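Colleague: the following comprises the amino acid sequence and a computationally predicted model.
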Amino acid sequence: MLMQSSVCIHPQYSYVRSLTTESRVNIRWSLPKFIRLQDKSVRSSHVSTKPYMAIQIGVSREELHRVGSRDGVIIVDHGSRRKESNLMLNEFVVMFRDKTGYPIVEPAHMELAEPSIKHAFSSCVQRGANRVIVCPFFLFPGRHWHQDIPFLTAEAAKGHPGVSYIVTAPIGLHELIADVVNDRIKHCLSHVAGDVEECAVCAGTGKCRLYSQD
């Protein structure tokens, strides 16, 4: 007998697995390391420190903690009516795949453009994935992460019984983000000074310049 099990693991995760009634489910409790903020003064009241459930259904702990050959990764952004913006996601997906070596990585746009989450989910399954990892390419959690992306992913999964999926946390706070922002600031200032060309984001727009009010 096939049934759908939907488990709330932690506010930063949603994990769904199709399973048979004969499957063994082992529950263990632990705290996700990445939410342990170093500075207690910046802890958000919305971040729970209560234990969360990690479900193990016929797979080893090692398999749960890594991206394997049967995992598909979907990098999903908001989507734009501007073609150039959507194409940048494709470039990032190629960069991410080359950097990680993950065999199945697909781009998706939440709305306004193709490929959709549904299309990307199907592509992952067609390429052999039996678990799909949906990674929101968003900086901070908002309505799209809380509601829209989980809903669209659940709808996409309906056509693929037996395939599990997880919607990961957005990018969030990370020390490397500070480096990225600083590099962007320095590059734009160098361009204004005439030392470097426009970056790929600003190329052809003429927006990377100093403005002043007379």
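Modeller: Arrived safely, thanks for sending. Numbers count the residues shown, from 1 in each chain.
Colleague: C-alpha from now on. contacts and neighbour counts both.
Modeller: OK.
Colleague: next one: the spatially most central residue of the chain from A157, what distance?
Modeller: Centroid-nearest residue in the chain: C135, 1.5 Å away (criterion: CA atoms, centre = their mean). Applying CA to CA, to the nearest Å, the value for C135 to A157 is 15 Å.
Colleague: can you check F92 too?
Modeller: To A157, F92 is 24 Å away according to CA to CA.
Colleague: ok, now W145?
Modeller: Taking CA to CA, one finds W145 at 17 Å from A157.
Colleague: quick one: which of those two has more around it?
Modeller: Of the pair W145 and A157, A157 is the one with more neighbours under other CA atoms under 10 Å, namely 23 against 20.
Colleague: residue boundaries of the helices in the protein?
Modeller: 61-64, 83-100, 117-126, 143, 149-157, 175-192 (DSSP state H).
Colleague: deepest in the core, which of these is it.
Modeller: Comparing these by mean neighbour count (mean count of other CA atoms under 10 Å), helix 117-126 comes out on top with a mean of 20.
Colleague: what does that helix rub up against?
Modeller: With contact meaning CA atoms under 8 Å, 6 or more residues apart in numbering, helix 117-126 is reached by 72-74, 76, 104-110, 132, 152-153, 155-157, 160, 163.
Colleague: narrow the residues you listed to those in strands?
Modeller: Counted as lying in strands by DSSP state E, out of these, are G72, V73, I74, V76, V105, E106, P107, A108, H109, V132.
Colleague: next up, the contacts around the second one.
Modeller: Read that as V73. Going by CA under 8 Å, 6+ apart, V73 touches I104, V105, E106, C124, V132, I133, V134, C135.
Colleague: so the second one sits against K99, correct?
Modeller: Okay, so that is V105. No. Using CA atoms under 8 Å, V105 is not in contact with K99; the gap is 11.6 Å.
Colleague: so how far is K186 from A157?
Modeller: Applying CA to CA, the value for A157 to K186 is 43 Å.
Colleague: actually, C208.
Modeller: Remark: distance between C208 and K186 (CA to CA) = 12 Å.
Colleague: check V163 too.
Modeller: Distance, V163 to K186, by CA to CA: 45 Å.
Colleague: and what of F138?
Modeller: Distance, F138 to K186, using CA to CA: 23 Å.
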